Structures are given as C-alpha cells and as structure tokens.
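Enquirer: here you go, sequence then predicted model.
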Amino acid sequence: MAKDSREVSEQVRKSESETSNAKATPKEEKRPPRKRKSLLFYLSILGPGLVAANAGNDAGGVLTYSSMGSQYGFEMLWVMVVVGIGVAIVQEMCARMGAATGKGLSDLIRENFGIRWTALVMLALFVANAALVISEFVGIVTALDIFGVPGWLSAPIAGTGLWLLIARGSYQRVEKIFLFFTLTFFAYIIAAVLGNPPWEQVAYHTFVPSVRFEGQYLQTLMAAIGTTISPYMQLFIQSAVVEKGVTMRDYKYEKIDVYAGSAFSIIIAYFIIVATGATIFKVNPGPLDSAAAAALSLGPLLGDYAKYIFAVGLLGASLLAAGVLPLATSYSITEAFGFENGVNRKFGEAPIFWGLFTGLIIISVVVAAIPGLPVVQLLVNIYALNGVILPFILVAVLLLVNNKELMGRYTNGPVYNTIAWSIAGTVSVLSVFYLLLQVLGGFGIKLLG
C-alpha cells in the first residue's frame, strides 16, 4: 500500500508539474515583446510625479520665471538646469518613501520626530499653503480677466468647479483632470517660439552660469528655488503615491513618472524665461507686478495671440495648483495628526480632510474676488515662509529615506546621497540668507546692492 501510495503521489506531482508548465508556457508565449511598450504605454504611467512637479508652475511660479526673464534676459537659464536636478531628486525620494512604507510624509515625520516638531511644521505649512491657494485663485481671476470675465464671476465658478471635480470623483478621475490641466503649459513654449529669441544666446546661458552679487538677483534666485521645490510638492507626491496604491514592485514605472514630470516642469519654466527674456527684457527690462502683467506685456510685442496664449497657460497653471495645494494641505495635516484622509473617502468618512479642503477653497474664492489685492507682496512673504520650512522638510526627507529600519534596502546610495545632501545644504544656506535679507530689508538695511 505504501508503495502504491508513493507511486500515486509521484504521479500527482508529475501531473501538477506538467499542468504548471503547460500554464506557464502560454504566458511566456503571449508575453508582449518590449517593442509593444509604445508612447501610449509610458503616457499611461504619468500621474503623481507629473502633477506634483508641474503644480510648482503656478501663478507665483509664472510670476517668478517671467520676472527672471524680464529682469535678466537669458542670464538665469542655467539656474533652471540646476534646480531641475534638485526637484527630480527630492521628488523621487518622497515617491520612493511612499511606495516603500505605504505612508505619507507627514505621517512619517510624526512617527519619527515627535508631535511637537510636527505641529510646528504643520502650522507654518498651513499658513503658507493657505496664502498660496489664495494666490492661485488670484491667478485664475487675472487670467480670465484678460478674456473679459470679471473676478466676482470667475472666482466662485472656478472654486465650485474644482470642488465638484475633486470631491465628487475618485483619485483616478482627479488625477486625469490634473493631467489635463498640464496640457495648457505648452502655451508657454508657443509664446517663446513666437518671441523668436537668439537661440545661440539661449544655449550659451543655459550651460554657462552668470552670477550677480546683488540683493535683487539673490532674492530672485531664492524665489526660483522656493517656487520650484516647494514643501507642499513633496508632501503631495508621497501622499498621492500612497493613495494610488503604488508599491516597490511597480515603482520603476512611478520613477519614470517622477523624472518625466520634473523634466517637463523645468522645460516649461525654462521657456517662460525665454519668452519674457526675448521680448519684455529688450523693451522694458525690470520686475513684473503680476503673472498677468507678463501676458499683457506680450500683446504689443508679439500680438494679441501671444497675450491670450500666455493667459491660457496662466489659467491652466493656476487651476492645477488651486486643486493640488488644498489637497496637499489636507493630506499633510490629517496624516500628521492621524485623521482619516483620501479623495476616495466620502465626507462622512474623512470629515477633517474634506473640511480643510473645502474651507481653503471657500476662503480663497472670497479673498481672490477682492479687487486690488497686493499679490506681489503676498507672494514675497509666502516664499520667505517657505524658505524657512523647506530646509526642515529636506533634512527630514533625507533622514527618513536613509533609515534602514524604515526603508530596508531602498535607502539612498552614496552618490545619490552626496547630491541630495548638497542640494539640502545649498538650499538651507540660501534660505537663511534670503530670510535675513527680508528681515533686514524691513528695517531699511541692505546687505547687497
């Protein structure tokens, strides 16, 4: 009997093995060749990385980049290459942490650094982000004003539309809407081409740094860093990766998304500088009062088409950031204090999350509809506050991503770490110096000319 039993067991194992091989063979035969991974396949990967990076090209970003071109022509193009590397590395680390831990950045900060530091950072972040959301709705109002739509009408329509699109949809739907908004950024490339810049000068200043030791230049440099590597972008991308359900098993595709999104974001910022450097800088060099001023200034130089194209880009940028910023803020605060959150959750399941999101939009709509709002001064103060927050966020990210107990084998390598810490150190020094300039400037003291 024992022998018969062994023979039966061997036959069963052989049968199972043959069945397994038979099942495996068709899979291997049906496996699509690599060449089938077309452009559409890689476009389908795009999501949190593209959205987060391009949210930095908001109304404040457009104003900053436009002023870089209108004040210094093409001299500051090299800055975008350096900052582009920085934003790609920082965004990738946060996305990797989200995939490896399944937790948002605020959640990890609370667990590893304590509630007091978390509360302090979250308070500063909330104030800065709330002001930024207001500036985004101001950007929507000013862009639509170019098309003749009054602010009392455009602000509530935009606010209601964004709330409905995000609050009444799933994460996948919201992500598609955000990705659609990024298409409007191509308007800046068109505006730059219409400006017919001297491309040899553009290429030269892209790779040859030109630094001025002037207060205004360094403030503009810090503003470029502050709007390109904003704290809310790191918080948003990590939360978005977690909610999307990305794990380290499929992280290689999310990594493509992060790098592609960062590259696209910097290319758009680059062409904004080229557009204003080729036009406004030649005729009336100097800083701009608003992002809308850049669009209006292009009209007499390139024709109304360029003005309207630039306005479309500003509208898309502001709409994208006006959606991302309240979400990033709501994610951050609810994660930090352990409340339920997520676009996929209903209001009753995550009341704090949706309450924050709704409140930020309502306040921003009301304030943005007020005529004569001092937007430029508002943005200057926001970037100063972001300059204080950013070094803390970057150091926290680096300490967390290098924690082997937390990340396992997915920590940074030596070369990657060297670059990342260099970025954090440089940003920290510039942030402190920028804040010092702002404080001393309030007392009428100028360190630089």
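Expert: Arrived safely, thanks for sending. Residues are numbered from 1 along each chain as shown.
Enquirer: so what touches whichever strand or helix holds Glu200?
Expert: Assessed by DSSP states H and E, Glu200 sits inside helix 199-207. Residues outside helix 199-207 that contact it (Cβ atoms under 8 Å, 6 or more residues apart in numbering): 73-78, 81, 270, 274. For every residue, glycine as well, the C-beta is placed using N, CA and C.
Enquirer: which secondary structure state does Val211 sit in?
Expert: For Val211, the assignment made with DSSP: H, G, I helix; E, B strand; the rest coil gives coil.
Enquirer: how far away is it from Val79?
Expert: Distance of Val211 to Val79, given as Cβ to Cβ, to the nearest Å: 9 Å.
Enquirer: coming back round to it: which two in the contacts of helix 199-207 are spaced the farthest apart?
Expert: Using Cβ to Cβ, the two most remote members of the contacts of helix 199-207 are Gly73 and Val81, lying 16.3 Å apart.
Enquirer: what about those two, which has more around it?
Expert: Gly73 (23 against 13; other Cβ atoms under 10 Å).
Enquirer: can I get stretch 252-272 as PDB, trimmed to CA atoms?
Expert: Presented in PDB, the C-alpha positions along stretch 252-272 are these (Å, rounded to 0.1, in the frame of the first residue of the first chain):
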ATOM      1  CA  LYS A 252      10.000  51.500 -11.600                       C
ATOM      2  CA  TYR A 253       7.100  52.900 -13.600                       C
ATOM      3  CA  GLU A 254       6.400  55.600 -10.900                       C
ATOM      4  CA  LYS A 255      10.100  56.500 -11.100                       C
ATOM      5  CA  ILE A 256       9.600  57.300 -14.800                       C
ATOM      6  CA  ASP A 257       6.700  59.400 -13.900                       C
ATOM      7  CA  VAL A 258       8.700  61.400 -11.300                       C
ATOM      8  CA  TYR A 259      11.600  62.100 -13.600                       C
ATOM      9  CA  ALA A 260       9.400  62.900 -16.700                       C
ATOM     10  CA  GLY A 261       7.200  65.200 -14.600                       C
ATOM     11  CA  SER A 262      10.200  67.000 -13.200                       C
ATOM     12  CA  ALA A 263      11.800  67.400 -16.700                       C
ATOM     13  CA  PHE A 264       8.500  68.700 -18.200                       C
ATOM     14  CA  SER A 265       8.100  71.200 -15.300                       C
ATOM     15  CA  ILE A 266      11.600  72.600 -15.800                       C
ATOM     16  CA  ILE A 267      11.200  72.800 -19.500                       C
ATOM     17  CA  ILE A 268       8.000  74.900 -19.100                       C
ATOM     18  CA  ALA A 269       9.700  77.200 -16.600                       C
ATOM     19  CA  TYR A 270      12.700  77.500 -19.000                       C
ATOM     20  CA  PHE A 271      10.500  78.600 -21.900                       C
ATOM     21  CA  ILE A 272       8.700  81.200 -19.700                       C
END
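Enquirer: what is the burial count for the residue lying closest to Ile189 once chain neighbours are set aside?
Expert: Ranked by Cβ to Cβ, 6 or more residues apart in numbering and with sequence neighbours excluded, the top spatial neighbour of Ile189 is Phe271, at 4.8 Å. Residues lying near Phe271 (other Cβ under 10 Å) number 26.
Enquirer: since that was my last question, I'll sign off now.
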